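# Build me a model:
(chains A and B)
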Amino acid sequence: MTALSSFLSRDWLLSETPSSRTHAAWVRRYRGWLQFRGNGLAMVGLITVIVMIVASLAAPLLAFQDPSTQDLAGRLAPPSAAHWFGTDELGRDIYARILYGGRVTLGMVVAVVLLVAPIGLAIGCVAGYFGGIVDRALMRLTDVFLAFPRLVLALAFVAALKPGITSAVIAIALTAWPPYARLARAETLTVRNTDYVAAVRLTGARSGRIILRHIVPLCVSSVIVRVTLDMSGIILTAAALGFLGMGAQPPMPEWGTMIASSRAYILDQWWVPTIPGIAIFVASLAFNLLGDGMRDVLDPRQR
Amino acid sequence: MRQTLASVASVPLTLFGLILVTFLIGRAMPIDPVIAIAGDHAPPDVIARVRTELGLDKPLPVQFAIYMGQLLHGNLGNSVMTSHPVTEDIARFFPATLELATVAIIIAILVGVPLGVIAAWRQGSRFDHVVRVVSLAGQSVPVFVLGLVCLLVFYAKLGIAPGTGQIDVAYEGMVPPITGMLVLDAALEGDWDSFWNAGSHLVLPSLVLAYFSMAYITRMTRAFMIESLAGEYIVTARAKGLSATRILWRHAFGNIAVRLVTVLALAYAGLLEGAVITETVFSWPGIGLYLTGSLLNADMNAVLGATLVIGLVYLVLNLLADLAYRLLDPRVR
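This next block holds a predicted model:
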């Protein structure tokens, strides 16, 4: 009992003389958290992100109407008790569509990240570890993909794949991996010639094992910071693709698509396209604030 | 110097990769160009003939060689939508983008750089926090939402800004194209009515676009300045009793100017991306509007041509940024 309570106490977490490696790691994390907590804007970002995730997951419980039920008699209604955010051009409840739209947007972000992080890590670590011709070839490839503005390349890819949410995710992922590859390569270069990697090599470990078990884990933390900062960019690109008719297709409740289909009503029923716009803004801002705070904690050089 | 040469030498290779990527995207298109030309009900022998004419019966590497050959002659094929050669279309649409992006970057620099400098000088102050929030908001707001809201407020509600497009319909076609940039052409012609009208149309889209890149410029300026202000030569300058203004602008800012040039070139290149969306919202007849219009009409040659040109401009601006940095900063040289 005493062991457990001392384990959970602040003193244990703030100890100047950690008793083990795990202990030291927790002390470092707790200090980071204290610093993060002191940053008001970052906390606002974190709380908003959590609320957004919960609201999207609980969308069926929180929405009073089905997001796709049309009511042509009650179309373009202003916000009221029955429809908190009003109704859209087909009489669908905007509040419900925003909630379900959060699922689409966050789902796309997660899918992109799950595709991008492994691709970037693999290419960057392999290039950095082997060096020479492999490095040059892979970095040249990275440069080619960096040579396009992201949205323009994504648009061309989606056109090749046919518009839709899957294509949008693939297109964003294809355009988003190069910075991760560069990051992973830079990290790999710093550890490639260290003694412990040489020691592992002496034990007879193959390159694949060294990269996967001893190099990739060291790159993960900087990749995570980068991912958080990238989230808002991914949200904006996904919304822009939707807005340009190249992302999620109607009637799917996606924020960018919702703006595109109700654009014509901005002058008379301004809330119809504006509310999804605010949703995109809030989501993107929240991730920016969160990422900013995380970078302050994890990368003191940037402050 | 060798580094400089290496970065120039890598351009053709990157350019080749760029062309290869657009070529492969074009070949992966779900739309069959043969059917698009010959029609759905064309007899098999016509389809076969069109296929041969387009060179689509040849192996992929041969097709790529032909495509490269056409590119070297400046031939990007014909647009289905406008029925003009894509190169001609792009030459007509591109100046409008250039005009919009240039005005936007000037506004962004004039506002963004001083904000960043002062925020760094007063790091941690209320002013610094406000600047941080304003620029984070700029990075978070979707350009199309900002554009639509601006149209709603300034055009529809307040009536102080003109609507979409490059100029009022009444003035359309009045100014003969010289540079293609309408405001500049009107001034060159001495047609001041057109000049003021076109200028007023430029205000909203360029402000929206400027906010888009101002966020980035402010942020980078602030970061550079904080680093520079921590230098020992600043302490020396203070000890000498120099005025704050002089230390700030001459000593601290002078040291970051070169790095800032790089950032500004990158921001200018980044505007191409923002321009695609801004032009769609404001019906601005630039390359972005051309690109999205072609996309919706599945006009492949036009899409690939526009993508390639945007990629090329982006590449050149990036190279210039790199060169400026290497040539101007003695520490790198």
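
# Where does the prediction get shaky in the chain?
Looking at chain A here, since you left the chain open. Scanning chain A with the threshold set as pLDDT under 70 gives A:1-8, A:299-303.

# Oops, wrong one, chain B.
Confidence mapping of chain B against pLDDT under 70 gives the ranges B:1-3, B:29-38, B:330-333.

# max-length helix in it?
The single longest helix within chain B, with elements called by DSSP state H, is helix B:192-229.

# Report the distance from that helix to the chain centre.
13 Å (CA atoms, centre = their mean, to the nearest Å).

# same thing with stretch A:228-240?
A distance of 7 Å separates the C-alpha centroid of stretch A:228-240 from that of its chain, computed with CA atoms, centre = their mean.

# got a list of what B:Asn14 touches?
Quick fix: residue B:14 is Thr, not Asn. With contact set as CB atoms under 8 Å, 6 or more residues apart in numbering or on different chains, B:Thr14 has these partners: A:Arg140, A:Asp143, A:Val144, A:Ala147, B:Leu315. Where you see a C-beta, it was placed from the backbone N, CA and C, and this is true even at glycine.

# The helix or strand where A:Val110 lies near chain B anywhere?
Using DSSP states H and E, the element containing A:Val110 is helix A:94-130. No. Under the criterion of CB under 8 Å from any CB of the partner chain, helix A:94-130 makes no contact with chain B; the nearest approach is 11.6 Å.

# Show me which positions of that helix end up buried.
Buried residues in helix A:94-130, counted by 16 or more other CB atoms under 10 Å in any protein chain shown: A:94-106, A:108-109, A:111-113, A:115-117, A:119-129.

# I'd like the next helix or strand past it.
Beyond helix A:94-130 on the C-terminal side, the first helix or strand identified by DSSP H and E is helix A:132-146.

# helices and strands around that following helix, which ones?
Packed against helix A:132-146 by the contact rule (3 or more CB pairs under 8 Å, 6 or more residues apart in numbering or on different chains; DSSP states H and E) you find helix A:94-130, helix A:165-192, helix B:2-27.

# that older thread, go ahead and build a ChimeraX selection from the buried members of the contacts of B:Thr14.
Those of the contacts of B:Thr14 that meet the burial criterion (16+ other CB under 10 Å) are gathered into one ChimeraX selection, given here:
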select /A:143,144,147 /B:315
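
# Arrange the contacts of B:Thr14 in TSV, one row each, with distance to B:Tyr171 as further columns.
As requested, these are arranged in TSV below (distance: CB to CB, whole Å):
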residue	distance to B:Tyr171
A:Arg140	49
A:Asp143	44
A:Val144	43
A:Ala147	38
B:Leu315	36
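
# Can you pull the phi/psi pair for residue 279?
I went with chain A, as the question did not name one. Dihedral angles of A:Ala279 (phi, psi; degrees, to the nearest 10) stand at phi -60, psi -50.

# centroid residue for the chain?
Reading this off chain A. In chain A, the C-alpha nearest the mean C-alpha coordinate belongs to A:Met231, at 3.1 Å (CA atoms, centre = their mean).

# ah, no, chain B please
In chain B, the C-alpha nearest the mean C-alpha coordinate belongs to B:Leu272, at 1.9 Å (CA atoms, centre = their mean).
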